[in-house]
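1. got a sequence here, can you build the structure:
(one chain, ligands or ions: 2)
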Amino acid sequence: MGAKVEVEGVRKVWGTGRPEGEGAVSEALAGVSFTLEPGDFVALLGPSGCGKSTLLNLLGALDRPTSGRVLVDGRDLSLLSDTGRDLYRRRTAATVFQFFNLLPTMTSLENVALPLLLDGIPLAEADARAGAALAEVGLPEKTGSFPWQLSGGQMQRVAVARALVARPSLLLADEPTGNLDSRSGERVLDLVSNLVAARGVTIVLATHSTEAAARASRVLRLRDGRLEE
Ligand SMILES: Nc1ncnc2c1ncn2[C@@H]1O[C@H](COP(=O)(O)OP(=O)(O)OP(=O)(O)O)[C@@H](O)[C@H]1O
Ligand SMILES: [Mg+2]
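-> Ligands and ions are numbered 1, 2, ... in the order given. So this is what the prediction gives:
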């Protein structure tokens, strides 16, 4: 089942290092509000610097808004304890990044099993579930390969398997096809869109690709930290 997401008047302000009064702050998000229903597949579009990654980081509890609230299944992410935030990231919201972020000294299987092991799941069970997740993304024969032995598209499929192995209800993807050729990108997007259909996971996909956006059920456009209608 997918997560419900409510974003209420969210602002994110960064200091620029310049003194007050000389444009000391920059507003990455300037008051953003929207609601996502469980199972929504949302494409987040907009030019470089418009705030897409900033927004994804807030949804993933990697960062906190300067003001406003982000509620996931009714819980305000800013109010989570450190442990609560760790659990949220491990069990509820998973992220797929542009640069895959696999651990280079670990095999595919170990990379995918890691979030489960961190969650206290016994090794045998974690390995079994990681193996099943790798089969689901079409890489059953690559369980023993290290990231440097894989193509970019394969690395990203391992990253998708790692994101989904704990069965999150919210998948956050930040330009997951940005470093892939169009065919590998298609394959990753096929996987992601099939998962929405099969599991009802709520997905927010930041992208510059109009093909990627075409698969989404909804498009949010950001410009200068604001949503355009
Ligand atoms: N840690 C930071 N400190 C200061 N400013 C930041 C920080 N992170 C992002 N910003 C600024 O916030 C704004 C939004 O950045 P963000 O990374 O969210 O854009 P984006 O839409 O993801 O761009 P891209 O498409 O290039 O990835 C930019 O002006 C950026 O310079
Ligand atoms: Mg970005």
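
2. these two touch, right, residue 200 and residue 39?
-> Yes - using Cβ atoms under 8 Å, residue 200 is in contact with residue 39, at 4.2 Å. For glycine as for every other residue, the C-beta is placed from the backbone atoms N, C-alpha and C.

3. more crowded one of the two?
-> residue 39 (18 against 14; other Cβ atoms under 10 Å).

4. so the closest residue to residue 54 other than its chain neighbours: helix, strand or coil?
-> Nearest residue to residue 54, sequence neighbours excluded (Cβ to Cβ, 6 or more residues apart in numbering): residue 28, at 4.3 Å. Here residue 28 is strand, with the state taken from DSSP: H, G, I helix; E, B strand; the rest coil.

5. tell me the contacts of residue 28?
-> Each residue near residue 28 by Cβ atoms under 8 Å, 6 or more residues apart in numbering is listed here: 12-14, 51, 54, 225.

6. so what's it scoring on pLDDT?
-> With respect to pLDDT, residue 28 scores 94.

7. that one and residue 61, how far apart?
-> 17 Å (Cβ to Cβ, to the nearest Å).

8. was I right about residue 4 contacting residue 75?
-> No - in this structure residue 4 lies outside contact range of residue 75 using Cβ under 8 Å: 10.2 Å.

9. what about these two, which has more around it?
-> A count of neighbours by other Cβ under 10 Å puts residue 4 above the other of residue 4 and residue 75, at 18 against 14.

10. find the residues that touch each one of residue 200 and residue 39.
-> residue 2.

11. what's the next secondary structure element after the longest helix seen in the chain?
-> If you go by DSSP state H, the chain has its longest helix at helix 182-199. The element immediately downstream of helix 182-199 (helix or strand, assigned by DSSP states H and E) is strand 202-206.

12. check contacts around the closest residue to residue 66 other than its chain neighbours.
-> Closest residue to residue 66 apart from its sequence neighbours, by Cβ to Cβ, 6+ apart: residue 13 at 4.5 Å. Taking Cβ under 8 Å, 6+ apart, we find residue 13 in contact with 25-28, 66.

13. pLDDT score assigned to residue 13?
-> Looking at residue 13, its pLDDT reads 93.

14. quick one: secondary structure of it?
-> strand.

15. enumerate the residues of this protein near ligand 1.
-> 14, 26, 28, 46, 48-54 (Cβ under 6 Å from any ligand atom).

16. most neighbours among the contacts of residue 28, which one?
-> residue 51 (24 neighbours).
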